[in-house]
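> requesting a structural model of the entry that follows:
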Amino acid sequence: MSTDALSTTFAALADPTRRAILARLAVGECTVSELAAPFAMSLPAVSKHLRVLEHAGLIAKGRQAQWRPCRLQAEPIKDVADWTDRYRDIWEGRLDRLGSYLNELTNDKEKSDARHPRRK
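The predicted model follows:
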């Protein structure tokens, strides 16, 4: 069973370590060792995370002499943003209706409190 690209991207983004790696790569290229430095895990464990990111098309590894830089490839993230944007209008409409309802409740309570002040 094959997995679509969007599902692969979401799976890669589901892990906080991989999101942290992507955040670091958003600043610029760096080596696997540089990427691994802030994490309390082995280099092979970081390499596994990098393989997941590479499989999802979120990073690319280059080769410059002895240096093996990793770099961010943001196209799959744009695909996620485009997918979520389709639902933005739905959620904004629901939040607007909720806001209106809460305003009605607040106004009704204020009117009721004004008609029936509490005695001390």
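
> okay, now the domains of the protein?
For the chain, the structural domains run 5-73, 74-120, going by automatic domain parsing.

> and the longest one, end to end?
As for domain 5-73, its first-to-last residue distance stands at 14 Å under the measure Cα to Cα, to the nearest Å.

> for the spatially most central residue of the chain, which non-adjacent residue is closest in space?
By Cα atoms, centre = their mean, the mean C-alpha position of the chain lies nearest to Leu13, the distance being 6.6 Å. Closest residue to Leu13 apart from its sequence neighbours, by Cβ to Cβ, 6 or more residues apart in numbering: Arg19 at 6.1 Å. Every C-beta, even on glycine, is put in place using the N, C-alpha and C of the backbone.

> and the one you found, how many residues sit next to it?
When neighbours are counted by other Cβ atoms under 10 Å, Arg19 registers 13.

> quick revisit: wait, the residue nearest to the centre of the chain touches Val80, no?
Yes: contact criterion Cβ atoms under 8 Å: Leu13 and Val80 qualify, at 7.2 Å.

> where does this protein have low pLDDT?
1-2, 119-120 (pLDDT under 70).

> kindly recompute the last result at 90.
Residues of the chain meeting the criterion pLDDT under 90: 1-3, 62-68, 86, 89, 93, 96, 105-120.

> tell me where it has helices.
Shown for the chain, the helices assigned by DSSP state H span residues 5-13, 16-27, 32-36, 43-55, 75-115.

> so for Gln64, which of those sits nearest?
With distances scored as Cβ to Cβ, the stretch of the helices of the chain nearest to Gln64 is helix 32-36 (13.6 Å).

> quick one: list the elements packing against the closest one.
Using 3 or more Cβ pairs under 8 Å, 6 or more residues apart in numbering; DSSP states H and E, the elements in contact with helix 32-36 are helix 16-27, helix 43-55.

> again, only using 10 Å
Contacts defined by 3 or more Cβ pairs under 10 Å, 6 or more residues apart in numbering; DSSP states H and E place helix 32-36 against helix 16-27, helix 43-55, strand 70-72.
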